[in-house]
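[1] Give me the fold of what follows.
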Amino acid sequence: QILVRFCATSINPVDYQIRHGDYKSLVNLPAIIGVDVSGVVEAVGESVTNFQIDDEVYYSPQLFGESGSYAEYNVADEHIVAHKPANISHFEAACFPLAAGTAWDCLFTRGQLQVGESVLIHAGAGGVGSFAIGLAKAMGAYVFTTCSAKNHDIVKKLGADRIIDYRTEDYMAVIKRETQGRGVDLVLDTIGGKTIQESLEIIRLYGRLVSIVDTATPQSLLAAWDKNLTVHFVFTSQQSNKLNLLKRLIESKQLFPIVDSVMPLHQIAKAHQRLENGSIRGKVVLQIFES
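    Predicted coordinates:
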């Protein structure tokens with residue numbers, strides 16, 4: 001294990017969901033929440049081989065564990081920690097671990113996205129969606145994404161090929177028209193609800209859908225059956241190998257974060273409120289220690 005002094009963390013929807021009590025059966029109170037870390041190694045255990053004191057690292061603490069990132073220090077297992085990308089700050093690095101790791105699992109580990117395929121990413125300006133756009137483009141995919149007009153500039157900068165304004169366009173009609181009725185190879189759902197059922201209709205034969213939403217409302221998945229679709233519900237795991245792969249893309253400038261703002265840790269309540277209100281663009285980062 002290694003002892004890490006935190007420089008920055010960032011806010012994720014799962015943080016306020018835990019605060020609301022949505023996962024009370026998985027979280028033992030009292031608990032320190034927070035799932036993104038960028039910091040500096042303070043000490044290492046005798047068996048640690050990949051890190052030494054003063055290394056800059058980034059990682060995601062165990063989801064629903066008792067020791068999260070809204071803190072000053074954390075003891076972490078070596079296998080979930082990676083060296084921080086050298087070309088970005090701690091504030092930027094803190095944006096990546098959970099959201100980008102989830103996007104990686106959705107597109108590649110489970111979604112099996114290939115070069116030249118097409119993907120629809122719902123809510124492309126969101127935390128997972130924004131990283132998914134960059135990852136899909138790095139793979140060489142054609143990217144459709146939905147977002148509001150105010151976020152068109154962000155998703156265009158990230159590399160989206162076709163931006164669909166969900167307030168003025170019917171994304172299902174757009175996909176059917178622009179794929180000549182064939183449908184996309186993969187859909188990444190970050191919204192849930194009727195989005196899952198609707199999206200099944202615009203996926204090609206033998207295509208795939210991945211969702212990160214724990215949808216409790218029953219719905220029909222019949223459209224997946226007669227087209228032989230593969231449907232995955234993704235709960236990401238903490239692994240350093242994903243972070244090492246992300247590091248290569250970040251350092252080659254194929255992947256970058258959108259930082260909405262940097263706030264001090266004592267303004268955590270305000271930061272949660274901003275994210276819950278849905279008024280941010282990118283990630284809200286919390287400064288803990290100066291780097």
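
[2] Just the buried residues of stretch 281-290, please?
    281, 282, 283, 284, 285, 286, 287, 288 (16 or more other CB atoms under 10 Å). Backbone N, C-alpha and C define where each C-beta goes, glycine included.

[3] now swap in stretch 135-147 and tell me
    Neighbour count says stretch 135-147 has 135, 136, 137, 139, 141, 142, 143, 144, 145, 146, 147 buried, by 16+ other CB under 10 Å.

[4] before we move on, what about stretch 35-55?
    Those would be 35, 36, 37, 38, 39, 40, 41, 44, 51, 55, for stretch 35-55 by 16+ other CB under 10 Å.

[5] mind listing the helices for the stretch 101-250 of the chain?
    Counting by DSSP state H, counting those that start in this stretch, one finds helices in the stretch 101-250 of the chain at the ranges 127-139, 152-158, 171-178, 194-199, 222-225, 240-251.

[6] Report the helix or strand with the lowest average pLDDT across this structure.
    helix 222-225 (a mean of 88; mean pLDDT, DSSP states H and E).

[7] Pull the distance from it to the chain's centre.
    Remark: helix 222-225 is offset 27 Å from the chain centroid, using CA atoms, centre = their mean, to the nearest Å.

[8] what's the answer for stretch 184-193, then?
    Between the centre of stretch 184-193 and the centre of its host chain there is 14 Å, according to CA atoms, centre = their mean.

[9] which outside residues touch that stretch?
    103, 106-107, 111-114, 117-123, 126, 128-129, 132, 144, 175, 195-196, 199, 202-204, 207-215, 217, 219 (CB atoms under 8 Å, 6 or more residues apart in numbering).

[10] By neighbour count, sort out the buried ones in these.
    103, 106-107, 111, 113, 117-123, 126, 128-129, 132, 144, 175, 195-196, 199, 202-204, 207-212, 215.
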